[in-house]
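>>> make a model of this:
(2 chains)
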Amino acid sequence: MSTTSVMGGIVRRKEDPSLIQGKGNYVDDIKRRGELAAAFVRSPFAAATVSSIDTSAALELDGVHAVYTAEDVRHLGLNPAQVAVGTLRPFLADGVVYHVGEAVAMVVADNRYVAQDAADLVYVDYEPGDAVVDLKEAFADASQVHDGESNTLLTWSGHAWWEGVVELPDPSPGIQEAKERDDTVVVSLEMVNQRLIPTAIEPRAVLADWNSGYGSVELWSSSQIPHALAGAIGVIFGIPSNKVRVVAPEVGGGFGLKLNVYPDETLVCFASKQLGRPVRWTETRREAGFASIQGRGWIGTATITGTKEGKILGYELDAICDMGAYSQNFTVAIPLLGLFVAPGQYDIPTSYALHCVVTNTPTTDAYRGAGRPEAAYYLERIIDAYAREIGMDPADVRKANYWKSDQFPVTTAVGMTMDSGDYEANLDALLDRAGYEELKARRDAARSEGRLLGVGLSSYVEVCGFGPSALAGLGFSWGGYGLPTSFNGSGVVRVQPDGTCTVTIGTGPSGQSHETTWAQIVADGLGIPMENIEVQHGDSLDSPMGVGTFGSRSIAVDGTATYEATNRVREKAATIAGHLLEAAPEDIRFEDGSAHVAGSPDRTVAWAQIAESAYQPHTLPEGMEGGLESSVVFSPPNATWPFGSHLALVEVDPETGDVDLLEYWATDDCGNVINPMIVDGQLHGGIAQGVAQALFEEAIYDEMGNLLTASLVDYPLPAAGNLPMFSLDRTVTPSDVNPLGVKGIGEAGTIGAAQTIVNAVVDAVSHLGVKHIDMPLRPKRVWQAIEDARN
Amino acid sequence: MYPSNFDYVAPTSLDEALAALSGSENAKLLSGGMSLLPLMKMRLVRPTTVVDISRIPGLDTITDEGDHIAIGALVKHADTASSELVGKHATALAQAAGTTADIQVRNQGTTCGSIAHADLAADQPAAALALGATMVAASVRGEREIAAADFFVDTLTSALEDDEILVELRVPKGGKSAYAKLGRRGGDSDYPIAAAAVWVDASDGTVADARIAVTGVSSKPYLAVASAQAVVGTDGSGDAIASAASHATDDVVVLEDLYGSVEYRTHLASVFVKRALEGVLG
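Sure, this is the predicted structure:
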């Protein structure tokens, strides 16, 4: 790397000036001449047959252009961007509805107000049936969500999760043997990892403009995956991928909920094609509880078998995972991501059974962490319970079972190879910084005064940076679904004729600061000032083929592609500069917007002159091709494995059960860091979402399948005022699967946080006899747990 | 989340607003819009006419009227919360306004709007009850005063007639008051799960008079009469407070929701009556 020290430094976000002035272009800011608006008619029942749909009154309303039902779109077939397991979601419900809010008809009108008026005039005759909502009942399969199909779509097993790909010895006999020994304890808890509603400040929004003259379609969508969406639209409508332009402009929060190809994206294209006018749909806040995916939703029993000295001899998890009514983009693969990190940071025999079960509720899919927070939650909660059972400090139990730094790379109990880690040093750094021993003393002193303080700890390991393109071969990616897309990282670096630089990448931000971080990589490599670098993204035709932003993957994969492209541009520029300065290319150094000869700072040529020469090929060295750009596709040999340790201090109000989060510390390790401020920002948001799962958020359905928490009044999101200032630090263990040594940080905070809080709250009340409280730890639950333990 | 069609008028005098209100079937008043607009967007309320009173001059003041303070119809929660007058003479109302919703809502919504909306768990109605406030209602037929104790009829139902505007809240001076609450996001943050406002006149060491109001627990904010009786005539000691707390839900149907069972809410009502009383007698 060059000496320009923008790598690893705090650089202010290039994104902010436009965003904080309200000048960012979101889908709703983009206007097309003559556009129409769509609204959906949604089922009030979770399980019903649709006997008739009367659209006549809606069609008679002034300003209404069309009302579409399943009959009109049946010829489009099914959305190909779905894991083909069980009954797949049609574009519009076709005779049967499987969850409240499922779209039955789409109205297109002059504007969104008329569209909603018309939607209210569509009369649908439903014959309601019995909804299957309770997850355990669904798993018992007494009645089926989809007639004639088992509610269990599949079960992931820890030691043989992919037939023919990963087949390890079954750990169960060994664990059973350990259970029967006299010198072991068995600790088991049933725990709920509740269903959540991912909530972005910008709901989903789409605008389609089908041009029959060009035979092409343009689609703007608030999406994390414009390339995959373009691939799907092309396949659905039978047009080549180069006739589909999908643009994801500014995206106001993703968190996984915009990581699906949704029916409405296809339907607005269809309507635009039929009507010859652009068609827009913007999800309302209330619709977001039905029209987009949800996250988590597991009930599981975790069991640890171990010695009385803290050596874990077996970890088992048997969980039912709520898929909702249909498998969609990744749905059944989300528990699999959890399985990838099932043994956490530990060298422990691990037995996993994750049952993917359908219910009459909206689909679940990736939500920040996606399977990994669930896995970390069960493991790190039961380790705490085990530590309490044997009377050991939970930090010591963790250390006794960690992989040691000199063992890496290690192959875990579920067959994963982890790149690097130094878990004990990371935990020690956290405990020292937080003053762990003093905190425990403070807790004990408070307890003697009748106050309930609790200290909670969690380790976690994450798998991210997807990924090796071989993963696509397993079928869980758009490539695996037969779509014309990529499963690689990509980056194009081009120096313009005036010496400024454009960087175009196959992944785009929904808050992750790609524009700043990528500019730092390029500025570091080329010595071009940050302000002269523009990072572009999100256009399926103008950006290089990419996968999108999810699974904390962008920096490790697309970042590396950009880094390599930068190196190639620098090599060529060094040759040109050497030619202009009559020096050897290897003696050329780039700094502060120009090149100079090593040891001769006055022999210099500006980037503008180098670039001008590149685009005037007659000035170049004999035989050199013109231009100054490079395009690189990168597929890493492995995923990356960030990790960390989190610690919380809470106080519980003994009279009300109210939990006050007093302090929160995290020491994370995401390998090398390009911009510490941005990494911290991702952690602050991620921890807030994890704390919110622990304390506030829960999607609650009644037995009929009605969502009782469809409004933000009933689904409390965390606000800054509800949280303490998190105290962050990091250790640095570079990855060896990419030259930047980076791992990814988008989800780490969320993966580490929820069980840290629950461990702390249980610690505060454990002396009263409380062993576990299910999330969210609303005051009523904590109070009830204390009451139950006392009585 | 798109309202159905409605007419919109924005009068610049109270008389015009009252005329608009009386001349229209199913009209709704708009000031801060923090309660009305969400209901309209969900189409749970479909007014034919929205009468926006926010441009009427003279209704946005808090004034000292000698024996009481007067809070105009357009005074925002944030102004009520930060007013020195309210803080000094009606502490419970300032505290209730200061914990209503969040900063953005407090900068937009109005104290009188919250009271007129009569939500079963709103903060400020409880303070108005405990403080013995008087609501001044205006219509084309003239003005009338309604005692807080008579104002809250049922969930989202006040004693206001369809053609009346709550133009002023009058809070008598004297005594000490406090508000204590548990909100949905913990502490006093967000909508109350349960809360209590208390007012006492205890200048000579004996509690000469008291009013205790509870919100978030039943179908409307209510005066806990037995609680107040339990503390009046006592020295306000811990025993008296405990006795008052034990009567917090006497003669009231306690409701349950996602945030609390009947048992829990009954318990919380006692806890917050106790804490609010400790705030003024401690």
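
>>> please name the bridge partners of residue A:155.
Beta-bridge partners for residue A:155, by DSSP bridges, are residue A:355.

>>> do a quick rundown of the helices in the stretch 401-550 of chain A.
Using DSSP state H, counting those that start in this stretch, the helices of the stretch 401-550 of chain A run over A:423-434, A:436-448, A:514-526.

>>> so which of the ones you listed is nearest chain B?
helix A:436-448 (18.1 Å; C-beta to the nearest C-beta). Yep, even glycine has a C-beta here, placed from its N, CA and C like the rest.

>>> check contacts around the residue nearest the centre of chain A.
Taking C-alpha atoms, centre = their mean, the centroid of chain A lies closest to residue A:368, which sits 3.8 Å from it. Residue A:368 sits next to A:198, A:255-256, A:295, A:686, A:689, A:746-747, A:750 when contact means C-beta atoms under 8 Å, 6 or more residues apart in numbering or on different chains.

>>> ditto for residue B:22
For residue B:22, the contact set (C-beta under 8 Å, 6+ apart) comprises B:139-140, B:163.

>>> and for residue A:481, the neighbour number?
Counted with other C-beta atoms under 10 Å in any protein chain shown, residues neighbouring residue A:481 total 22.

>>> against residue A:662, how distant is it?
Residue A:481 sits 47 Å away from residue A:662, going by C-beta to C-beta, to the nearest Å.

>>> excluding its backbone neighbours, what's nearest residue A:534?
Spatially, and ignoring its direct neighbours in sequence, residue A:534 is nearest to residue A:502 (5.2 Å; C-beta to C-beta, 6 or more residues apart in numbering or on different chains).

>>> hey, where'd the helices end up in the stretch 101-250 of chain B?
Remark: helices assigned in the stretch 101-250 of chain B by DSSP H, counting those that start in this stretch are B:103-106, B:111-117, B:123-130, B:148-151, B:225-231, B:238-246.

>>> show me the contacts for the closest residue to chain B within the stretch 151-300 of chain A.
When scored by C-beta to the nearest C-beta, the stretch 151-300 of chain A has residue A:284 as its residue closest to chain B, at 3.6 Å. Contacts of residue A:284 were listed using C-beta under 8 Å, 6+ apart, and they are A:203, B:1-2, B:41.

>>> tell me which element it falls in.
For residue A:284, there is no host helix or strand (DSSP states H and E).

>>> so what's residue 87 closest to, chain neighbours aside?
All of this is about chain A. Leaving aside its chain neighbours, residue A:87 sits nearest to residue A:146 (4.3 Å; criterion: C-beta to C-beta, 6+ apart).

>>> oops, I was thinking of chain B
residue B:94 (4.5 Å).

>>> tilt between the helix or strand where that neighbour lies and helix B:123-130?
For residue B:94, the enclosing helix or strand under DSSP H and E is helix B:91-98. Comparing the axes of helix B:91-98 and helix B:123-130 via axes from the mean of the first three to the mean of the last three C-alpha atoms, to 10 degrees yields an angle of 170 degrees.

>>> run through who's touching helix B:91-98.
Taking C-beta under 8 Å, 6+ apart as the rule, helix B:91-98 contacts B:77-78, B:80-83, B:86-87, B:106, B:111, B:123-124, B:126-128, B:130-131, B:133, B:171, B:176-179, B:181, B:195, B:197-199, B:276.

>>> what do you get for stretch B:132-139?
With C-beta under 8 Å, 6+ apart as the criterion, stretch B:132-139 contacts B:14, B:18, B:21-22, B:68, B:93, B:115, B:128, B:143-149, B:151, B:159-161, B:163-172, B:199, B:211.

>>> returning to what we had before: quick one, what contacts the residue nearest to residue A:534?
By C-beta under 8 Å, 6+ apart, residue A:502 lies in contact with A:492-494, A:496, A:533-536.
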